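1. quick one, structure for this:
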Amino acid sequence: MQALNLPPYNISVRRKDGRDQIFDILRRKFIALTPEEWVRQHFIHYLTELKGYPPTLLSNEVQLRIGDKTVRADSVLYDIHLRPRMIVEYKAPSISLTQKVFDQISAYNLLLHVDYLVVSNGLQTYACKMDYDNQKYFFLSAIPDYKDL
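-> Purely as a prediction, here's the structure:
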């Protein structure tokens, strides 16, 4: 898999039935190793090991309903009262982070109404903080540490 602009970690990968799998610490099981999953697992480890995010407050593949359509937010961070605080959307390193990606995460936020939105393809990462009072958002220079949320 491609090197990312995220810190390395002790990756647990296996081959089963002719397919590569990577261990997801949040779902506690092996998942098909796709380029997007490679980014997700690196990013989750970055959040938990370097930014202090509690794994118990993070969830992968969160199912949402938009009208009659079911979609999945890649990762959601909750507060201690289990209210959503951050949505993270991942793309494979080969996928550019275009307006379409921001539109996708914005649609999820119409349902979850979080404080932070993050998109990453492992090479580039963008984070923004929502300002609902002024109907704006602003981009952050870095992903905040958990204690600073």
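2. name the residue closest to the centre of the chain, please.
-> V88 (3.0 Å; CA atoms, centre = their mean).
3. part of a strand, is that one?
-> Yes. Secondary structure of V88 (DSSP: H, G, I helix; E, B strand; the rest coil): part of a strand.
4. check contacts around it.
-> Contacts here follow CB atoms under 8 Å, 6 or more residues apart in numbering; on that basis V88 touches F43, A73, D74, S75, V76, L77, V118, V119, S120. Quick note: C-beta positions are derived from backbone N, CA and C, even for glycine.
5. and for the residue lying closest to Y9 once chain neighbours are set aside, the neighbour number?
-> In space, and not counting its chain neighbours, Y9 is closest to H45: 4.1 Å by CB to CB, 6 or more residues apart in numbering. H45 has 19 neighbouring residues, counting by other CB atoms under 10 Å.
6. pretty sure H45 contacts D24?
-> No. Applying CB atoms under 8 Å as the test, H45 and D24 come out as separate, 10.6 Å apart.
7. show me where the protein has helices.
-> Here the chain has its helices, by DSSP state H, at 35-45, 99-112.
8. pull the last one out as PDB, backbone CA atoms only.
-> To tie it back to what came earlier, the one meant is helix 99-112. Extracted in PDB, the C-alpha atoms of helix 99-112 (Å, rounded to 0.1, in the frame of the first residue of the first chain):
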ATOM      1  CA  GLN A  99     -16.000  19.900  -3.700                       C
ATOM      2  CA  LYS A 100     -17.900  16.700  -4.200                       C
ATOM      3  CA  VAL A 101     -16.200  15.200  -1.100                       C
ATOM      4  CA  PHE A 102     -17.100  18.300   0.900                       C
ATOM      5  CA  ASP A 103     -20.700  18.100  -0.400                       C
ATOM      6  CA  GLN A 104     -20.800  14.500   0.800                       C
ATOM      7  CA  ILE A 105     -19.700  15.200   4.300                       C
ATOM      8  CA  SER A 106     -21.900  18.300   4.400                       C
ATOM      9  CA  ALA A 107     -25.000  16.100   3.600                       C
ATOM     10  CA  TYR A 108     -24.100  13.900   6.500                       C
ATOM     11  CA  ASN A 109     -23.800  16.900   8.700                       C
ATOM     12  CA  LEU A 110     -27.300  18.000   8.000                       C
ATOM     13  CA  LEU A 111     -28.300  15.000  10.000                       C
ATOM     14  CA  LEU A 112     -25.600  15.000  12.700                       C
END
